[in-house]
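Participant: all I have is the shape, not the residue letters:
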């Protein structure tokens, strides 16, 4: 194998390793954002349930 071909192969491997590392970092960021969004959604669901519960209380009180 000529030195030129070896250098090209080394460059491609280096580029591939760098691309994989970037993808890993992006995947980790996305996992963190996904966890944050899930937590936010759960908080909204909890608050909405509390509001709906208050509406039920008002309906029960006014129908008596």
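Facilitator: Yes, it's here. What you see is a predicted model, and the numbers here were worked out from it, not measured in a lab.
Participant: where's residue 32 relative to residue 19, distance?
Facilitator: 21 Å (Cβ to Cβ, to the nearest Å). Every C-beta, even on glycine, is put in place using the N, C-alpha and C of the backbone.
Participant: for residue 51, same thing?
Facilitator: Applying Cβ to Cβ to residue 51 and residue 19 gives a distance of 47 Å.
Participant: ditto for residue 40
Facilitator: 31 Å.
Participant: one more: residue 39?
Facilitator: 31 Å.
Participant: what does residue 12 give?
Facilitator: The value you get for residue 12 to residue 19, if Cβ to Cβ is used, is 10 Å.
Participant: which residues are common contacts for those two?
Facilitator: Shared contacts of residue 12 and residue 19, defined by Cβ atoms under 8 Å, 6 or more residues apart in numbering, are absent.
Participant: and residue 29, how far from residue 23?
Facilitator: Taking Cβ to Cβ, one finds residue 29 at 11 Å from residue 23.
Participant: ok, residue 52 next?
Facilitator: 42 Å.
Participant: the protein: helices as residue ranges?
Facilitator: Here the chain has its helices, by DSSP state H, at 3-63.
Participant: where does it have low pLDDT?
Facilitator: 1, 64 (pLDDT under 70).
Participant: need the residue closest to the centroid of it.
Facilitator: Centroid-nearest residue in the chain, with Cα atoms, centre = their mean: residue 34, separated by 2.3 Å.
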